[in-house]
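Q: Got a predicted structure here, sequence first:
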Number of protein chains: 4
Amino acid sequence: MKKIAILTSGGDAPGMNAAVRAAGKFALNTDLEVYGIKRGYLGMLNDEIFKISSQDLGGIIDRGGTSLLTARCPEFKDPKIRAIAAENLKKRGIDGLIVIGGDGSFHGADLLSKEHGIKVIGIPGTIDNDIAGTDYTIGFDTCLNTILDAIQKVRDTATSHERTILIEVMGRNAGDLALYASMAGGGDGILIPEQDNPIEVLAYQIQQRRRRGKLHDIILVAEGVGSAHTVAEELKKKVHTDVRIVVLGHVQRGGTPSGFDRVLGTKMGAKAVQLLLEEKGCLMIGIEGNQIVTHPIEYAWEGQRRNHMEDYELTQVLSK
Amino acid sequence: MKKIAILTSGGDAPGMNAAVRAAGKFALNTDLEVYGIKRGYLGMLNDEIFKISSQDLGGIIDRGGTSLLTARCPEFKDPKIRAIAAENLKKRGIDGLIVIGGDGSFHGADLLSKEHGIKVIGIPGTIDNDIAGTDYTIGFDTCLNTILDAIQKVRDTATSHERTILIEVMGRNAGDLALYASMAGGGDGILIPEQDNPIEVLAYQIQQRRRRGKLHDIILVAEGVGSAHTVAEELKKKVHTDVRIVVLGHVQRGGTPSGFDRVLGTKMGAKAVQLLLEEKGCLMIGIEGNQIVTHPIEYAWEGQRRNHMEDYELTQVLSK
Amino acid sequence: MKKIAILTSGGDAPGMNAAVRAAGKFALNTDLEVYGIKRGYLGMLNDEIFKISSQDLGGIIDRGGTSLLTARCPEFKDPKIRAIAAENLKKRGIDGLIVIGGDGSFHGADLLSKEHGIKVIGIPGTIDNDIAGTDYTIGFDTCLNTILDAIQKVRDTATSHERTILIEVMGRNAGDLALYASMAGGGDGILIPEQDNPIEVLAYQIQQRRRRGKLHDIILVAEGVGSAHTVAEELKKKVHTDVRIVVLGHVQRGGTPSGFDRVLGTKMGAKAVQLLLEEKGCLMIGIEGNQIVTHPIEYAWEGQRRNHMEDYELTQVLSK
Amino acid sequence: MKKIAILTSGGDAPGMNAAVRAAGKFALNTDLEVYGIKRGYLGMLNDEIFKISSQDLGGIIDRGGTSLLTARCPEFKDPKIRAIAAENLKKRGIDGLIVIGGDGSFHGADLLSKEHGIKVIGIPGTIDNDIAGTDYTIGFDTCLNTILDAIQKVRDTATSHERTILIEVMGRNAGDLALYASMAGGGDGILIPEQDNPIEVLAYQIQQRRRRGKLHDIILVAEGVGSAHTVAEELKKKVHTDVRIVVLGHVQRGGTPSGFDRVLGTKMGAKAVQLLLEEKGCLMIGIEGNQIVTHPIEYAWEGQRRNHMEDYELTQVLSK
């Protein structure tokens, strides 16, 4: 391995920059030449590839988003398009690629590898924590703290006005953000895609709380369950109380990354370069049991995510 | 004056607790007996009135919301209802009342005073900064900082994805939050109720930015202009770019109050008690030219708010 | 098991309240009676023991410090004193005790158990992360974020003035805070008790940075290495540059706990009650490999902490 | 006026970047050429002067410190040195200069103007708020919030351990930071240079608090009064309690600027350019009564600062 490239892909996540920085610095400290690809696969296709120097890696570790930019690139599903993109790496002699993103991005990397012999390493970067093979994805911890900060602010109003407030958070397939935000934020109810918790149960929980003298509620709703708006309308019919909604939206993606995400990104970024130096490829990096581990890259979408049933039950008990 | 009462009314605002604490502590340090009224005028009506002790005032200065709670009470428009509520004060010998809230709350206080001889002092507490007779209302500064924090987070994503993002902030009649958040947050465009800035102009500004190589935009929209959703739909038709929206909602109301709001609340709370000790009433307190001032309470809705035209022009120049 | 008690002991740490809340709520949800002991072992001795109700557990999950208070109690080393304290539990029929604190606190619990037959469970709560048998102690993650926030602020000044700034952080025997704060904060050098890194090496690193055009440095110093003041004086002699120090001190202990610490505290608190319900004792709880685990309580001081050598090496590489 | 230059001088303060940005952008929007001077007067002397473009002003409004850097330059007191520095402006045709800093920096500017005919405008930027002719200096508000955040963290520990903690904050001649941090932070005592409050009084206040059952205290000490260490030693002798100190140090200087400081910096920066366009000079800008005002520049050191006696008294009443 002589030359490697790094890209970020999919939704941006805080901590991606720590991974870019660590991979870049670690590689520059060996004999490797390092390239940055702008705008993910779109930039690979459009040949937006530049040689990374130490300067490009300064002052980014504490910034949210991704300094390499990201973009959607649906045309990458087309093998002919991938061939053009791969050629942009090959003409520079780049034979190793680090992809920081979600499982969709890993999938693209896997195809690049199989079709064009580029060694690829996937680093899980997404706030949703929805990738198999890792306990945490880069960005999840920061996002959890952002949501907790929002809960604290919303609770000021919920308490002062004695209202039921539904907070819609990200998580299309994975309810992790809603679940752990509720556990850590002292939430009073949750709706997540993994659990078929009917509105009736939620309404019953709220009514029980009223009976115990609790006059306000914070309910966490993962977007995968449906829009908070619809949930609120249904809930209102059942509990006859003032139900308001807060949709956190893009605010959740950004922000100064937490220490946890920066440490995670740093370790994963350095590990990715080590693997390429050992001429390994088609792997994803994960953290399991507080150890940096690797899996075949397809594990990201074929593997089974850890079941959070126990934590869900605990949250239900504590929200009583 | 022997006995006074304090209530908070309307939307909660960070810093209200500082005003309650200062008024309470200052009064307890004189010969006054101090009462707290829960849930604003609704609690006055329902006789939710309690004697405040030093303990009730501890540990609240750094908390958002209002420890006295607040509620809507549309029935207070009825003179008969007001008579019942006033009686709850009189039977305790309370002849002074401090009302912390917006101009609607001041209006109720004014009527209580005129009809039932209770001396009232209004303290402007609302995040909207939409009250005449004061440069700042309690809560505005904290809310501005909350919005700036959100802008910073959203910008991470806007930059990483090169998008136009509209952020809808509070402000039904007053565009202060949108205006100063844009000035302080480096916003790239604003829509506020005070200015008839057609969508065309905003679209033109965005196109000009593209020509100068700026690939993302943060636009602040005051809710008084209309929903960010509608604005986004119209804008999309004109700029052919990916326009996303963020509705900050209730998150804006809460949070640990800023130093500015705590100092403001503290000074206003103490001043209100001083005025009552001097047997004054039917006044609102303001801050003008960094001095605590008073106006007849009706000034809040009859007076003219300071014109922010010059700051609007400056923001437009700087967002180029 | 019918009645259990909870205490916090040693230095306070953010997230202790989450553990208290979870243990309390979980226990109240079973047939258990739950008692709180104020001021740790001192309160046990002075019989400051009260029955915990649901109300005592509300509104504490997002607060730093410990709602149960903590205190030093050197006299607890005396078996006669411990006998008096144990009697205060026994006279109430309390036969299970949850101790949240560091390894010194666990030691006291172990003796209580051996001498007086009280079943004890230790939950590791300390910002230093210096307890064997757990990857993380409650409070470490929040403290890491607090230090990172300080680094960011100090860097503003270090950059603007082009200075070398030493930041002294907590950690008497364990350099974890300094190490991971440097890794996550982009630090330019570290001194930790586990590594015999002479001042000469640090001075050399700084001189190398100057040669590469870097005009400011942030150096993390764990208190266990010696005072930042002394280090700074020595360093000045060698690098002939303006060296300033910042001693973070007690600021590091406090603050709203992070999501990670709240989740950790919550899971450990609930687990402690489960163990007592199973009539188990003399155990400490840990988190290893993202799983809640248990060890004999003496493992806390007899066990071997995980070696961070590899992370130290990585940090050295990245700070080049 | 055709060409102007901007420099920042003295200690860095959050919000300086907003002033640089506004002055730069506003000037670029007129016919002016704008230059940045690096490292204050030292850079003027060393000819570190560069033409500012729009790119230099992007992404700085939300950053602490100063993007123009700052440095000490004691040799600037020498008229011959000033002549060399002035020549570096003149050879470029620069005849207007904006100086952002404290009164010492204004003094240098005044001499440059009198000796070399350069039109100078001073913008007050320092966290200490110690300049006459303005209610607020840029940076004070952010610093106040930083101190309040520290108070909150320290209070967690003070409360949990029932301790007296002295917090030493900046302010050599002006006690504003200590005073308003105490007012806004619910402090229990203050020592500021403007008031001769003997240790005995402070000790008495603490003893009174103990009598009322308050078991912890947060005392704010302005550095101008002497080191917190010495104060603590004296206090210990009198109150026989555990007194700890926290020296906030450089942490106070940095951080994302608050909305208030960014708005203030923005308005002052734009105003400075307007004044130069009107061919005015030898002025300092201030904010008084929420209006941007100007004074002859020597007012900064000859004028009288507003007296805060009344606020001091109020703080004393409220800390009871």
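A: Sure, I can see it.
Q: need the residues of the stretch 151-300 of chain A near chain B, please.
A: Applying CB under 8 Å from any CB of the partner chain, one finds that the stretch 151-300 of chain A approaches chain B through A:152-162, A:165, A:244-255. Where you see a C-beta, it was placed from the backbone N, CA and C, and this is true even at glycine.
Q: one more time with 6 Å, if that's ok
A: By CB under 6 Å from any CB of the partner chain, the residues of the stretch 151-300 of chain A that approach chain B are A:153-154, A:156-157, A:159-160, A:246, A:249-251, A:253-255.
Q: Just the ones of the residues you listed in helices?
A: If you go by DSSP state H, these have A:153-154, A:156-157, A:159-160 in helices.
Q: Kindly reformat the residues you listed as TSV containing distance to chain C.
A: Listed next are those as TSV, based on distance: CB to the nearest CB, whole Å:
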residue	distance to chain C
A:153	11
A:154	12
A:156	11
A:157	15
A:159	9
A:160	13
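Q: For chain D, see how far away residue A:112 is.
A: Remark: distance between residue A:112 and chain D (CB to the nearest CB, to the nearest Å) = 33 Å.
Q: the helices in the stretch 51-200 of chain A, which residues?
A: In the stretch 51-200 of chain A, the segments counted as helices under DSSP state H, counting those that start in this stretch are A:79-90, A:103-116, A:140-161, A:176-185, A:199-211.
Q: ok, of those helices, where does mean pLDDT dip lowest?
A: Confidence, taken as mean pLDDT, is least for helix A:199-211 of the helices of the stretch 51-200 of chain A (a mean of 89).
Q: wait, does that one make contact with chain C?
A: No: shown here: helix A:199-211 not in contact with chain C (CB under 6 Å from any CB), separated by at least 11.2 Å.
Q: Identify all contacting residues around whichever helix or strand comes after that helix.
A: Once helix A:199-211 ends, the next helix or strand along the chain (criterion: DSSP states H and E) is strand A:217-222. Here strand A:217-222 makes contact (CB atoms under 6 Å, 6 or more residues apart in numbering or on different chains) with A:151, A:155, A:158, A:164-168, A:171, A:175, A:178, A:181-182, A:187-193, A:206, A:228, A:231.
Q: rewinding a little: for the ones in helices among the residues of the stretch 151-300 of chain A next to chain B, which one is nearest residue C:1?
A: Checking these against residue C:1 by CB to CB gives residue A:159 as the nearest, at 35.0 Å.
Q: is it true that the closest one touches residue A:216?
A: Yes: Residue A:159 lies in contact with residue A:216 (CB atoms under 6 Å); the separation is 5.4 Å.
Q: can you list residues touching both of the two?
A: With CB under 6 Å, 6+ apart as the test, residue A:159 and residue A:216 reach no residue in common.
Q: related to what we said a few turns ago, how about the helices of the stretch 51-200 of chain A in JSON lines, adding mean neighbour count?
A: Putting the helices of the stretch 51-200 of chain A into JSON lines (neighbours: other CB atoms under 10 Å in any protein chain shown) gives the following:
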{"stretch": "helix A:79-90", "mean neighbour count": "16"}
{"stretch": "helix A:103-116", "mean neighbour count": "21"}
{"stretch": "helix A:140-161", "mean neighbour count": "26"}
{"stretch": "helix A:176-185", "mean neighbour count": "28"}
{"stretch": "helix A:199-211", "mean neighbour count": "16"}
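Q: Go through those and name the closest to residue B:279.
A: For these, proximity to residue B:279 was assessed by CB to CB; helix A:140-161 is nearest, at 31.4 Å.
Q: Tell me what angle that closest one forms with helix C:140-161.
A: Inter-element angle recorded for helix A:140-161 and helix C:140-161: 100 degrees (by axes from the mean of the first three to the mean of the last three CA atoms, to 10 degrees).
Q: List of residues touching helix A:140-161?
A: Here helix A:140-161 makes contact (CB under 6 Å, 6+ apart) with A:14, A:127, A:129, A:165, A:169, A:180-181, A:184-185, A:216, A:218, A:246, A:248, A:252, A:255, A:257-258, A:260-261, B:12, B:64-66, B:69-70, B:250-251, B:253-255, C:62, C:258-259.
Q: hang on, the earlier thing: distance to residue A:30 added to the helices of the stretch 51-200 of chain A, as a markdown table?
A: Below are those laid out as a markdown table (distance: least, CB to CB, whole Å):
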| stretch | distance to residue A:30 |
| --- | --- |
| helix A:79-90 | 19 |
| helix A:103-116 | 22 |
| helix A:140-161 | 29 |
| helix A:176-185 | 35 |
| helix A:199-211 | 54 |
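Q: Would you tell me which of the ones you listed gets closest to residue B:291?
A: Per CB to CB, nearest to residue B:291 of the helices of the stretch 51-200 of chain A: helix A:140-161, 29.5 Å.
Q: number of nearby residues for the residue of chain A found nearest chain C?
A: Taking CB to the nearest CB as the measure, chain A has residue A:289 as its residue closest to chain C, at 2.2 Å. Counted with other CB atoms under 10 Å in any protein chain shown, residues neighbouring residue A:289 total 12.
Q: Could you do the one 4 residues further on as well?
A: Applying other CB under 10 Å, we find 15 other residues in the vicinity of residue A:293.
Q: what do you get for residue A:233?
A: Using other CB under 10 Å, residue A:233 is surrounded by 12 other residues.
Q: for it, what are its contacts?
A: Residue A:233 neighbours (CB under 6 Å, 6+ apart): none.
Q: Which pLDDT value belongs to the closest residue to the residue of chain A closest to chain C other than its chain neighbours?
A: Leaving aside its sequence neighbours, residue A:289 sits nearest to residue C:289 (CB to CB, 6 or more residues apart in numbering or on different chains; 2.2 Å). The score at residue C:289 is 81. That number is its pLDDT.
Q: Now residue C:289, what are its backbone angles?
A: Geometry field for residue C:289 lists phi and psi as phi 60, psi 40, criterion degrees, to the nearest 10.
Q: From residue C:267, how far off is it?
A: Noted for residue C:289: a distance of 14 Å to residue C:267, by CB to CB, to the nearest Å.
Q: which residues sit against the helix or strand harbouring residue A:41?
A: Assigned by DSSP H and E, residue A:41 belongs to helix A:40-45. Contact with helix A:40-45 is made by A:7, A:9, A:37, A:70-71, A:73, A:76, A:85, A:88, A:108, as judged by CB under 6 Å, 6+ apart.
Q: Just the buried residues of it, please?
A: By 16 or more other CB atoms under 10 Å in any protein chain shown, the buried positions in helix A:40-45 come out as A:40-45.
Q: avg pLDDT for it?
A: Rounded mean pLDDT across helix A:40-45 is 97.
Q: Run the chain-centre distance for it.
A: In terms of CA atoms, centre = their mean, to the nearest Å, the gap separating the centre of helix A:40-45 from the centre of its chain is 20 Å.
Q: go on, stretch A:204-212?
A: When C-alpha coordinates are averaged (CA atoms, centre = their mean), stretch A:204-212 and its chain have centres 34 Å apart.
Q: With that, I have no additional questions.
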